[in-house]
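Peer 1: return atomic coordinates for the entry below.
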Amino acid sequence: MKSRIAVFLLIASLLMMATRHSDASAASISYKKKVQVQPFQNPPGWVGTYKPGVLVSDLLKQKLIQQENVILVRFIDQESHGAKDKKGNAVNGKPPVSGGMAHNSSPAQIIISGEIVKYRPALPVNLESTKSEKRMSRSAEVQIEFKVFQGQTKRFVTGFVLSEKSREGEFPLGYSQSSLNLGSPDFRKTFMGRALSRITDRVIPTIVAYLNRVPLDGQVIVVEKEKEQMIINLGQKSGVEIRDEFIVYSVDVNFSDPLYKEDIGDRLTKLGVVRVINVQEGFSEAVIMAGGDFVKGNLVRSKKSKPLPKVLKNRKKLATISTSSQ
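Peer 2: Below you'll find the model as predicted:
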């Protein structure tokens, strides 16, 4: 009997090791896309002591970093509540549309930004509060417009508006400094904290699904003409492997209709194909298979999308269900 149990345990152990190995192999061949989250615009007329737009972007980053197909790219200008044009003027929370590719392009494949359209946190209550104010002290409401842009061209990809209400909580957001800390239990006890958590939870699947079905994008960072090679800013962190092939494009942003002089999109011109021969953590060396006239800043796009394996997507789904049920 003991020998049978020992054999059974051995087989089970081997199966678990094989499963882990296959999971790791599957994970290594899926592409991870770079995402940048910019601070969201505060609600119109906001004069509070904290910045709701920064809270939203930080909460979104906190949840995106847990996703299997996402690499977060840091937003450099942390003091800005939106991108600026060449003159330094705000452009309504939108990344600036690039006139010069190398100067304004982002290492991120997509940029997420937006603005808080409506923001009504729970009100603090005092002895002189009216019945209406007391009712509003037990609920919070928020409406946010989310915007997704292509990182290199700053071209608008998609946008949507989501709303959320919360009548669950114990305190108004901002009643204490700890309530503004996303990692603190006090944040999760606030009415608005719960509303913001739910609304960002609803956004994550949309972003992850979009990234899972598109090819991997990056840029040429060095062209070595004498070797007929180039270096691209995609490496092991992005899931790139030796022999992966990429199509290289030049990009003419804000391509204009010659008849009506209006912007009709970004023009991608295929320059050639390269194959990866050496992979490092954050970059790869690739040999030129066809084409020429490559320059720093050219767009590189994977020939295959390499989506996240189902085993990992299902595992993430189960983990989400388990967490939400607790």
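
Peer 1: next secondary structure after the helix or strand where residue 54 lies?
Peer 2: Assigning secondary structure by DSSP states H and E places residue 54 in helix 52-64. Where DSSP H and E defines the elements, the next helix or strand beyond helix 52-64 is strand 70-72.

Peer 1: and that following strand, what does it pack against?
Peer 2: Counting contacts by 3 or more Cβ pairs under 8 Å, 6 or more residues apart in numbering; DSSP states H and E, strand 70-72 packs against strand 33-37, helix 52-64, helix 191-213. Heads up, the C-betas are built off the backbone N, CA and C, glycines and all.

Peer 1: got those as CSV, with mean neighbour count, mean pLDDT and distance to residue 244 columns?
Peer 2: What follows is the helices and strands packed on strand 70-72, written out as CSV (neighbours: other Cβ atoms under 10 Å; pLDDT from 0 to 100; distance: least, Cβ to Cβ, whole Å):
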stretch, mean neighbour count, mean pLDDT, distance to residue 244
strand 33-37, 24, 96, 14
helix 52-64, 20, 96, 24
helix 191-213, 19, 94, 17
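
Peer 1: per-residue confidence at residue 293?
Peer 2: According to the prediction, residue 293 has pLDDT 93.

Peer 1: what about the residue lying closest to it once chain neighbours are set aside, distance to residue 286?
Peer 2: Distances taken as Cβ to Cβ, 6 or more residues apart in numbering put residue 271 closest to residue 293, at 5.9 Å, once the chain neighbours are dropped. Remark: distance between residue 271 and residue 286 (Cβ to Cβ, to the nearest Å) = 13 Å.

Peer 1: who's more crowded, these two?
Peer 2: Shown here are residue 271 and residue 286; by other Cβ atoms under 10 Å, residue 286 has more neighbours (27 against 21).

Peer 1: am I right that that one sits in a helix?
Peer 2: No: Residue 286: not assigned to a helix; according to DSSP: H, G, I helix; E, B strand; the rest coil it is strand.

Peer 1: and the strands in the protein?
Peer 2: Here the chain has its strands, by DSSP state E, at 33-37, 70-72, 110-120, 140-150, 156-166, 217-224, 229-232, 245-252, 267-279, 284-291, 299-302.

Peer 1: what's the most buried one of those?
Peer 2: strand 33-37 (a mean of 24; mean count of other Cβ atoms under 10 Å).

Peer 1: report how many residues lie close to the nearest residue to residue 282 once chain neighbours are set aside.
Peer 2: Nearest residue to residue 282 in three dimensions, chain neighbours excluded: residue 235, at 4.7 Å (Cβ to Cβ, 6+ apart). By other Cβ under 10 Å, 19 other residues sit near residue 235.

Peer 1: pLDDT at residue 235, what is it?
Peer 2: Looking at residue 235, its pLDDT stands at 96.

Peer 1: got the end-to-end distance for stretch 235-244?
Peer 2: 11 Å (Cα to Cα, to the nearest Å).

Peer 1: just the residues contacting that stretch, thanks.
Peer 2: Outside of stretch 235-244, the residues within contact range by Cβ atoms under 8 Å, 6 or more residues apart in numbering are 28-34, 71, 216, 218, 234, 275-284, 302, 304, 306.

Peer 1: what do you get if the cut-off is 6 Å, keeping everything else the same?
Peer 2: Contacts to stretch 235-244, defined as Cβ atoms under 6 Å, 6 or more residues apart in numbering, come from residues 30, 31, 32, 71, 234, 276, 279, 280, 281, 282, 283, 284.

Peer 1: quick check, nearest of those residues to residue 64?
Peer 2: Proximity of the contacts of stretch 235-244 to residue 64 (Cβ to Cβ) peaks at residue 71, which lies at 9.4 Å.

Peer 1: wait, isn't that closest one in contact with residue 61?
Peer 2: No: the pair residue 71 / residue 61 is not scored as a contact, 11.7 Å apart, by Cβ atoms under 6 Å.
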